[in-house]
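*Asks:* here is a sequence with its predicted model. Questions after.
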Amino acid sequence: MTQADNTPTQEQIKMWQVLDEIDRDPGIGRLTPTQQEALVEKFFSKEARTQRLERVRKRKQALELQLASVTAMEKQLTESLNQ
Amino acid sequence: MNIFSYVFGESIDFVSILDEWSLKAQEYINTYFEGDRENTRDTPFWDCVSKIQFLIDAIEFGDQGITINDMRGVVDDRQILQAIAAITEVELEYEGEKLRAIAIESLTNAPWNVIEYIQVETRKGAATSLVEEIVKESQSKQFGGVVKLFAIPRAKYRYNEIGFIETDGSGEMLLTRELAERFLANQVYRRSAQLFD
């Protein structure tokens, strides 16, 4: 690279344009169109949406347990300060 | 150009994030594609949706030989995941030489990076930054930066332009040790010269 003044060459500008294209559309993976079709179908299926809901509920449950634990700590500390 | 941090394995909850991406994708279809997924067919958005499902299934059910430890991603300065990939370590032969390499099994941008309409989450440069980090990981594992990927037909010429060599016409493309160095140097220069996105 010969850009002492930091000015990109035409070749570099062209490469950056290609990199910009990759950023918009990476196109990496070995899925066939048929496999893609089946995955898109599954993505919108009731089965996949139910699985997502179950995972979200598990996350919510874990957060509720965490909140309960923090609330108990808060209560304990408040009581110890008030004694 | 935006700066990203590399994340991997269990350091981040990839499945929960993919679930969040799923909801966003559904929202964009309703807002920008008239609520009809057929309008996204053969677009980068269609690819994104299929890969979100592919990666969730791969992590949750382990049916693709991919585990959580094979997941890689880049997060932006607000810790939002902007692109995700599944990788494996492979041994291959190129021009009579046995090489160890990282294979990118699948890679996708976050849904907001593949629609035309700019969102608050949109960050340019995520996919190439993720490839860059994977090349660096290949170097750190003493694989010389060698990276293999499968490019879909419309993307082949782009990877060819940035240094990947098509090996057998199947879409399999290889970044060799020498060309990995050139790719990384170009990314450094691109980042320093493109200060604004």
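*Replies:* Nice, I can see it.
*Asks:* looking at chain B, what residue ends up closest to chain A?
*Replies:* Closest residue of chain B to chain A, Cβ to the nearest Cβ: B:A155 (2.7 Å). Yep, even glycine has a C-beta here, placed from its N, CA and C like the rest.
*Asks:* ok so that residue is a helix residue?
*Replies:* Yes: counting by DSSP: H, G, I helix; E, B strand; the rest coil, B:A155 is found in a helix.
*Asks:* got a list of what the residue of chain A found nearest chain B touches?
*Replies:* As assessed by Cβ to the nearest Cβ, chain B sits closest to A:G27 within chain A, at 2.7 Å. Contact analysis of A:G27 by Cβ atoms under 8 Å, 6 or more residues apart in numbering or on different chains lists B:44, B:47, B:151-152, B:154-155, B:158.
*Asks:* one step back: tell me how far the residue of chain B closest to chain A lies from A:P33.
*Replies:* 14 Å (Cβ to Cβ, to the nearest Å).
*Asks:* tell me how many other residues crowd the closest residue to B:A83 other than its chain neighbours.
*Replies:* Nearest residue to B:A83 in three dimensions, chain neighbours excluded: B:A126, at 3.9 Å (Cβ to Cβ, 6 or more residues apart in numbering or on different chains). When neighbours are counted by other Cβ atoms under 10 Å in any protein chain shown, B:A126 registers 26.
*Asks:* isn't B:A126 right up against B:S5?
*Replies:* No: the pair formed by B:A126 and B:S5 falls short of the contact definition of Cβ atoms under 8 Å, at 11.2 Å.
*Asks:* which residues does the closest residue to A:F44 other than its chain neighbours contact?
*Replies:* On the basis of Cβ to Cβ, 6+ apart, the spatially nearest residue to A:F44 that is not a chain neighbour turns out to be B:R37, at 6.4 Å. Listed by Cβ under 8 Å, 6+ apart, the contact set of B:R37 reads A:40, A:44, B:29, B:46, B:49.
*Asks:* what about the helix or strand where B:Y159 lies, distance to the chain center?
*Replies:* Element membership for B:Y159 (DSSP states H and E) is helix B:156-161. In terms of Cα atoms, centre = their mean, to the nearest Å, the centre of helix B:156-161 is found 15 Å from the chain centre.
*Asks:* list only buried entries from the contacts of B:R37.
*Replies:* The neighbour-count test (16 or more other Cβ atoms under 10 Å in any protein chain shown) marks A:40, B:29, B:46, B:49 as buried among these.
*Asks:* hmm, back to that, what touches both of B:A126 and B:S5?
*Replies:* Each of B:V74 lies in contact with both B:A126 and B:S5 under the rule Cβ under 8 Å, 6+ apart.
*Asks:* shaky segments in chain B?
*Replies:* For chain B, the stretches with pLDDT under 70 are B:195-197.
*Asks:* what sits against the residue at the greatest distance from the centre of it?
*Replies:* Distance from the C-alpha centroid of chain B peaks at B:G96, with 28.5 Å (Cα atoms, centre = their mean). Listed by Cβ under 8 Å, 6+ apart, B:G96 has no contact partners.
*Asks:* the helices in the chain, which residues?
*Replies:* This is for chain A. Along chain A, counting by DSSP state H, helices occupy A:10-24, A:33-43, A:46-82.
*Asks:* um, chain B though
*Replies:* Secondary structure of chain B (DSSP H): helices at B:14-32, B:44-61, B:126-140, B:156-161, B:177-193.
*Asks:* for A:I13, find the nearest of those helices.
*Replies:* A:I13 sits nearest to helix B:177-193 of all those, at 9.6 Å, using Cβ to Cβ.
*Asks:* ok, the residue nearest the centre of chain B to A:E74 distance?
*Replies:* For chain B, the residue nearest the mean C-alpha position is B:L107 (3.3 Å; Cα atoms, centre = their mean). Counting by Cβ to Cβ, the gap from B:L107 to A:E74 is 44 Å.
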